[in-house]
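Student: Build me a model from this:
(chains A and B)
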Amino acid sequence: MGGDLLVPVDDSVTLRKTVAHVANRGRDAPGRPTLHFVYPLSERLDAGEETTAAADAEELLARIEVWVEEDLGDDADQVAVETALIGSAEYLFNPGDYADVITEYAAERGIETVVLDPEFNPQGMAPLLPPLERELSSAGLDVDLAPVERPTRRNPLTRPAGLGQFVVLFCSTYAFYLVVGGTLSTFDLATGAVSATIVAGLLWRITTRGEVDLTSLAWRLARMTLYVPFLLWEIVKANFHIAYVVLHPRLPIDPRVVEFDAAVWSEMPATTLANSITLTPGTLTVDVSQRHFTVHSLTRSAREDLLDGGLERAVRFVFYGRSAARIATPRERGARTGEERTSAEETAPTEEAAVTEGENA
Amino acid sequence: MTPQEIAVAVLVAGGAFFALVAAVALLRLPDIYTRTHGASKSDTLGAGLALAAVALTFGAEISTVKAALLILFMFLTNPTAAHAIARAAADQGIDPWTVDEEGESE
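Tutor: A predicted model of the protein is given here:
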């Protein structure tokens, strides 16, 4: 339908004005256009711990519906409003991912125009808007920037942060300073406090992400301390294997590239897994895109170990708790190695189904 | 020798051994990807063992904590560097060496 508008939303400072602009535009358009407000969720929903993000999103969408009614008053019946959470089956990482879910939603409902909130920046990190605009235009959508005034030009790096972030950052910086300094003299205590204050004061809005949830952080750290010896043991074991291979007169190597979708759903777990794979000798992470890992493996047995998913399971245990450790291994989910790539590609559609089954089990 | 000295000697010997393995791997392995394996990982363990020996030598001292921190940083930065090298190679379109090729070319 021609007049329908799609608006990706996020809790930004200009959201209220963008909604007002979109409501007016809908009222002035001929016919009875539908206004779609969608909230792209950056974390996958079934990961367990992060359900508050979804609840906040639902609340925001409900508020938007009220705002539209408020703005239009008696004209409220000239537009239809629809709201939705999108992208909850994946975790969204870069502008391309956002563009993909938005384009998909638009294509399903035949929407041709996207209105962007100038402060739409759900990642809160690098500026998202210009590349997102470009991606959406190249997907064949009309993209308009809502002409709203921005109250203040914020530093794009900062995020809403509370006292918790400041304290956590201050304490860790201070502790690090004292450990490296090696003494508890008055001079070090004083300079450390000054340095930590400066560092925390400058960076507290940048370093940490979202609210600091001390209990879940503590659990994560506790599980991490279980993970480290496990990883060390894997590293030592695998190093002996590599030493054997390298020093063997015939050099029995069989290098191959393996690709698989890891069952991890946000940046930290994906990074931890990628680094752990690289640390374990015989396997080397070449590329990670979202949760798709490209891994170079040196020997057959290193490849077998990787696809048995011991490391992946351990990383899930650290970040999502014990229940997530039981998801099926990459092999059972249909990972592809160089030699069997063509046959695996034919069966690709069943791969996703296998993942879902594994998670429900 | 005290038990502590023995432990330190074992760790240093192990560290030297894995550093040597890394050097041999760099010479013997065929292409950039496989060499990255050898150079980055055996080296991480080699340096890690040497630092563990340092930590043990100093005993309960602040240097021990520093050595432990150094090990931690090595375990964070080495895989990142290895990944950067491998990814740069992949972006350049360098195909990994495989066993099949060996039969044809040599």
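Student: Model confidence score at the closest residue in space to residue A:103 that isn't next to it in sequence, please.
Tutor: Excluding its sequence neighbours, the residue lying closest to residue A:103 (Cβ to Cβ, 6 or more residues apart in numbering or on different chains) is residue A:139, at 4.4 Å. Bear in mind the C-beta positions are built from the backbone N, C-alpha and C, glycine included. pLDDT, residue A:139: 81.
Student: For stretch A:251-267, which residues meet the burial criterion?
Tutor: A:253, A:255-266 (16 or more other Cβ atoms under 10 Å in any protein chain shown).
Student: tell me the average confidence for stretch A:115-133?
Tutor: 71.
Student: From one end of it to the other, what's the distance?
Tutor: Stretch A:115-133 stretches 10 Å from its first residue to its last (Cα to Cα, to the nearest Å).
Student: Go ahead and confirm the residue nearest to residue A:103 touches residue A:101.
Tutor: No: the pair residue A:139 / residue A:101 is not scored as a contact, 11.3 Å apart, by Cβ atoms under 8 Å.
Student: tell me the domain ranges of chain A?
Tutor: A:5-145, A:163-207, A:214-360 (automatic domain parsing).
Student: Distance to residue B:77 for the ones you listed - can I get that in TSV?
Tutor: Shown next, in TSV, are the domains of chain A (distance: least, Cβ to Cβ, whole Å):
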stretch	distance to residue B:77
domain A:5-145	22
domain A:163-207	16
domain A:214-360	10
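Student: ranking the ones you listed by mean pLDDT, which is last?
Tutor: Among these, domain A:214-360 scores lowest, with a mean of 72.
Student: How about that domain and chain B, any contact?
Tutor: Yes: using Cβ under 8 Å from any Cβ of the partner chain, domain A:214-360 comes into contact with chain B via A:235-236, A:239, A:242-243, A:246-247, A:251, A:253-257, A:274-276, A:278-282, A:284-287, A:294, A:296, A:298, A:338.
Student: Now the one helix or strand residue A:220 maps to: buried residues?
Tutor: Using DSSP states H and E, the element containing residue A:220 is helix A:214-247. For helix A:214-247, the buried set under the neighbour-count rule, 16+ other Cβ under 10 Å, comprises A:220, A:223, A:227, A:231, A:234-235, A:238-239, A:241-243, A:245-246.
Student: distance of residue A:4 from residue A:111?
Tutor: 5 Å (Cβ to Cβ, to the nearest Å).
Student: Can you tell me, leaving aside adjacent residues, what's nearest to residue A:295?
Tutor: residue A:258 is the one closest to residue A:295 (Cβ to Cβ, 6+ apart), at 4.9 Å.
Student: ok but that neighbour is inside a strand, no?
Tutor: Yes: secondary structure assignment places residue A:258 in a strand (DSSP: H, G, I helix; E, B strand; the rest coil).
Student: on that earlier part again, shared neighbours of residue A:4 and residue A:111, anything?
Tutor: residue A:36 (Cβ atoms under 8 Å, 6 or more residues apart in numbering or on different chains).
Student: Ramachandran coordinates for the residue of the stretch 201-350 of chain A found nearest chain B?
Tutor: Of all residues in the stretch 201-350 of chain A, residue A:278 sits closest to chain B, at 3.5 Å by Cβ to the nearest Cβ. With angles defined as degrees, to the nearest 10, residue A:278 sits at phi -70, psi -40.
Student: residues touching the residue nearest to it when sequence neighbours are not counted, list them.
Tutor: Using Cβ to Cβ, 6+ apart and skipping residues adjacent in sequence, the residue nearest residue A:278 is residue B:79, 3.5 Å away. When contacts are counted by Cβ under 8 Å, 6+ apart, residue B:79 touches A:274, A:275, A:276, A:278, A:279, A:285, B:40, B:44.
Student: Next SSE downstream of the host helix or strand of residue A:132?
Tutor: Residue A:132 is located in helix A:129-138, with elements delineated by DSSP H and E. Using DSSP H and E, the helix or strand that follows helix A:129-138 in sequence is strand A:142-145.
Student: which other helices and strands contact that following strand?
Tutor: For strand A:142-145, the packing partners by 3 or more Cβ pairs under 8 Å, 6 or more residues apart in numbering or on different chains; DSSP states H and E come out as strand A:113-116, helix A:129-138.
Student: So which of these is the most surrounded?
Tutor: For the helices and strands packed on strand A:142-145, the largest average neighbour count (mean count of other Cβ atoms under 10 Å in any protein chain shown) is found in strand A:113-116, namely a mean of 22.
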